[in-house]
Each structure stands twice: as C-alpha cells, then as structure tokens.
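Student: Okay, structure incoming, though there's no sequence with it:
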Ligand code: NDP
Ligand code: MG
C-alpha cells in the first residue's frame, strides 16, 4: 500500500537521508505530498519535481516567486512564508517527517500532529520549547509519534511501552563531540570550523555545534523526558565515543536493553518510515569484531556546562526548557557568525535563564502556541541584548 508522506525541512540533512531511502524503496511504496524548505529554493524545487510532490512551501517569502517560476511547468502547488509551511503540515499525509531545525518547526509540526496520523520527530527543539503543549496535542489527536533522534529511536525500540512500571532508568549515549579530549583552556579558542567537524555523525550545522557543546544531549534529555514521560532523575547520560550503542533502557530486574548499529541516521529514519514493519536500508552492517571495543565515560560537566543547565531547566519545568532552547539558538547563530566565542555559548544560555527567571514564572507550563512563542521571543531578545552589552 502506498504511504503518503510529507517532509518538513526536506532540504536539510535529515531530509537528504529521508529522500535517499524513498528513492531506494519499491516503486509506489511512497507518494510525496508536501516538502518544505526555508531559503534553498533550487533544491526544494528539484526535490518537488523529482518526487512529484503535490505541494512545495518555502519559508522565506522572498523566494516564493522563484519557487513558482521553477514549478510553473509542473502540476505542483507552490507557497511562500510561514503560513505556507504550516499548510504543508496540514496536508493530509499518512506520515510526516518533522525535520525543520529549531523552534521555527513548532507550528508546522503541530499542524501535522493535529492530523492524528504518524509523525516522525527529528525536530527536537519544537518538543523542548513546548513539551507540555506538544504532548497534549499528540494525545488529543491520537497521533503516533515516532522518534527520529537516534537515541530516542533506540529507546523506542527497546522500551516495553505497555509496562512502564518495570523501567528503572533511560540511558542516553553521547559521542562526546569533536572536543571530548580538548583541554579546558583551549576550548575558548575553538572556531566554528573546528566545532562543525563532528568525529562520527554527519549532520546540519546547528546540531553539529550543539553536539560540540553537549547541549545537544541537554536538548535530548528534555526530549526524552517528554517523549517517554520520565522525570529528570531517571534519565542518565553516558559518553560513548564510538556511537554504536544508540541508547539503553534499564529495567528494575537489572536487565539493560540496548539498540546498536552503525552511526547512520538512515536506520532510525527507515525504522520510522516503515513502522511497524522494517525496511531494508544501505546502512553498513555492524561488525563488532572490527570495532573491537566499546568505551564509556562520564560527561565532563566543567568543560561542557550546557548539559547541567538543561538538567536544571528540566527540573524547573514549565517555561525553563523553552528559554534554554531559545537562548541556545541565539548563541549558536552568534557563534557561527563569529560574534561570540565557543565557551560563550553555555555562558549566554545560563545568563539568559537567570535573567528570564526574574520575569517569567518558570514553574507554569506553556499551554498555548501564543504563550510558547511569546516566551521564546522574550528569551531571544534577552539573549541578543546580553550579546550586545557583552554581559556574559
Ligand atoms: P539542517 O540545517 O540540515 O536542515 C534544516 C531544514 O529546516 C532545512 O530544510 C531548512 O531549509 C529548514 N529550515 C531552516 N530554518 C527554517 C525556518 N525558519 N522555517 C522553516 N524551515 C526552516 O538540519 P538537520 O537536518 O541537521 O536537523 C533537522 C532537525 O533534526 C533538527 O531539529 C535536529 O536537531 C534534528 N536531528 C538531526 C540529526 C542529523 O543527523 N542531522 C540527528 C538527530 C536529530 P533550508 O535548507 O532552505 O535552509
Ligand atoms: Mg541524537
């Protein structure tokens, strides 16, 4: 049976892996409904034409004309601007891949959630900035949420979903990023090019920087708490540089179940695309003999304070994860533009949290999109001001 699928953020790294699998699937296995991008209009148009999409939406309205021109000879509807991307999420699909980067993906992803079908969630920031609201909408719509993030996909695969009382803790693995062994005093000098050079995973720019600060693991900690309904104290993080074990679930009888595989996002993406069945992927077969040994370390909280900041934000709950995420998005963009240094990223997140806590009641859950977006906007303004006044 043909599965109708939409890819929000189709021109990014997750989009590339998703379309790679769709290209390899049996003819007629998938029908592409909608694809979105922000500004990469050429790639969006090429994908829409290649896959015969029904609808293509470009987030930056400045490119709407170019998109229409590129698609004029094809029977593909084009749209531009934020509402067009939301409309892409609303178009009836059996499966939506939510792969926009950042809180910008919240509204289109919620539109897909509201359809009550299946959503593959890669866009972790939209869950971090609006976890309470997001999970409530998933429940109300009866949506099947399949995690794409490799750690959460691993947990999803080994979790006894119908027996939560048997679970003792979730153990997220972290590669440790490119600076795992960099001495503390050298970290301040790390450049965007060095931070983008991830030792194991090939990913988009923002998540690569998040991996280098370990803030990605902080976002994933919050993501896991919402996805699997577990308190912060039941989620551990262990550094595992080979990234072969993608995460684990420990049960009360002492059993620890892990999901393993070569580090390639096409495994979790393929899992979600074909769920509840399995599909073949071109992912390299795991050869444990070649790998020889797997190693594990405690995360270094002195060099990577972002993970602890995430823990605190998760414990505070309510608006705190939203502020954590917004401040980090501003910090990563500022670091990539050369405006702040590497260690300023966690410092800016911490200062923004401290400042916003004076104005916002962190304990209160943000239960409407307006409340989420207002909190996000205020935190971004504060983070921007802190950069300008260099109050880091
Ligand atoms: P990329 O930066 O490679 O791609 C992001 C996509 O979102 C692009 O299609 C981009 O369009 C679009 N986009 C960017 N900004 C906006 C905006 N303001 N409004 C609408 N669309 C926008 O990111 P990744 O594919 O690496 O990551 C996507 C999500 O998946 C992130 O949340 C990330 O944390 C998560 N993830 C990624 C993994 C990976 O291996 N890459 C692994 C696990 C999770 P354009 O191309 O036009 O800029
Ligand atoms: Mg991950």
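Tutor: Okay, I see it. Values in this document were obtained by computation on a predicted structure and should not be read as measured data. Ligands and ions are numbered 1, 2, ... in the order given.

Student: only C-alpha atoms for contact and neighbour calcs from this point on.
Tutor: Will do.

Student: So which other helices or strands are in contact with the helix or strand hosting residue 375?
Tutor: If you go by DSSP states H and E, residue 375 is part of helix 369-388. For helix 369-388, the elements it packs on are helix 320-336, helix 344-359, judged by 3 or more C-alpha pairs under 8 Å, 6 or more residues apart in numbering; DSSP states H and E.

Student: Residue 166: which of those is closest?
Tutor: Among those, helix 320-336 comes nearest to residue 166, with 27.6 Å by C-alpha to C-alpha.

Student: Would you mind listing what in the protein touches ligand 1?
Tutor: Selection of the chain residues close to ligand 1 by C-alpha under 6 Å from any ligand atom yields 9-14, 37-40, 59, 99-102, 104, 122-125, 149, 203-205, 207, 265.

Student: 5 Å - rerun?
Tutor: Counting by C-alpha under 5 Å from any ligand atom, the residues of the chain close to ligand 1 are 9-14, 37-40, 59, 99-101, 104, 122-124, 149, 203-204.

Student: which regions of the stretch 251-392 of the chain sit below the pLDDT cut-off?
Tutor: Within the stretch 251-392 of the chain, the ranges that satisfy pLDDT under 70 run 391-392.

Student: could you redo the last one with a cut-off of 50?
Tutor: Scanning the stretch 251-392 of the chain for pLDDT under 50 picks out no residues.

Student: Kindly report the same for the stretch 101-250 of the chain.
Tutor: Short version for the stretch 101-250 of the chain, where the test is pLDDT under 50: none.

Student: Tell me where it has helices.
Tutor: Per DSSP state H, counting those that start in this stretch, the stretch 101-250 of the chain carries helices over the ranges 106-113, 124-129, 131-141, 150-158, 184-187, 192-196, 205-213, 215-228.

Student: can you list the residues that contact the first one?
Tutor: When contacts are defined by C-alpha atoms under 8 Å, 6 or more residues apart in numbering, helix 106-113 is touched by residues 8, 85-91, 96, 98, 119, 126-127, 130, 134, 137-138, 141, 143, 369.

Student: What remains of these if I keep only buried residues?
Tutor: For the contacts of helix 106-113, a burial check counting by 16 or more other C-alpha atoms under 10 Å picks out 8, 85-91, 96, 98, 119, 126-127, 130, 134, 137-138, 143.

Student: circling back to that earlier point, now the helices and strands packed on helix 369-388 in a markdown table, with distance to residue 179 and mean neighbour count?
Tutor: What follows is these, written out as a markdown table (distance: least, C-alpha to C-alpha, whole Å; neighbours: other C-alpha atoms under 10 Å):
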| stretch | distance to residue 179 | mean neighbour count |
| --- | --- | --- |
| helix 320-336 | 16 | 26 |
| helix 344-359 | 14 | 20 |
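
Student: Kindly state which of the ones you listed is positioned closest to ligand 2.
Tutor: helix 320-336 (15.4 Å; C-alpha to the ion).

Student: What about the residue lying closest to residue 100 once chain neighbours are set aside, how many residues nearby?
Tutor: Computed as C-alpha to C-alpha, 6 or more residues apart in numbering, the closest residue to residue 100 that is not its neighbour in sequence is residue 9, at 4.2 Å. Residue 9 has 27 neighbours, counted by other C-alpha atoms under 10 Å.

Student: Now do the same contact list for residue 9.
Tutor: 15, 35-38, 98-101.

Student: residues from the stretch 1-150 of the chain in reach of ligand 2?
Tutor: Neighbours of ligand 2 within the stretch 1-150 of the chain, by C-alpha under 5 Å from the ion: 149-150.

Student: coming back round to it: between the helices of the stretch 101-250 of the chain, which one is closest to residue 281.
Tutor: helix 150-158 (15.1 Å).

Student: That closest one to helix 215-228, inter-axis angle?
Tutor: 30 degrees (axes from the mean of the first three to the mean of the last three C-alpha atoms, to 10 degrees).

Student: Give me the helices and strands touching helix 150-158, please.
Tutor: Contacts defined by 3+ C-alpha pairs under 8 Å, 6+ apart place helix 150-158 against strand 144-147, strand 167-174, strand 245-251, strand 256-260, helix 266-274.

Student: at 7 Å instead, please
Tutor: Using 3 or more C-alpha pairs under 7 Å, 6 or more residues apart in numbering; DSSP states H and E, the elements in contact with helix 150-158 are strand 245-251, strand 256-260.

Student: want to throw the ones you listed into CSV with distance to residue 51 and mean neighbour count?
Tutor: What follows is the helices and strands packed on helix 150-158, written out as CSV (distance: least, C-alpha to C-alpha, whole Å; neighbours: other C-alpha under 10 Å):
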stretch, distance to residue 51, mean neighbour count
strand 245-251, 31, 23
strand 256-260, 32, 17
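
Student: Same list as before, the helices of the stretch 101-250 of the chain that is, but in a markdown table and with distance to residue 373 included.
Tutor: What follows is the helices of the stretch 101-250 of the chain, written out as a markdown table (distance: least, C-alpha to C-alpha, whole Å):
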| stretch | distance to residue 373 |
| --- | --- |
| helix 106-113 | 9 |
| helix 124-129 | 9 |
| helix 131-141 | 12 |
| helix 150-158 | 25 |
| helix 184-187 | 33 |
| helix 192-196 | 28 |
| helix 205-213 | 20 |
| helix 215-228 | 18 |
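
Student: quick one, which of the ones you listed is nearest to residue 28?
Tutor: The closest of the helices of the stretch 101-250 of the chain to residue 28 is helix 106-113. By C-alpha to C-alpha, the value is 22.4 Å.
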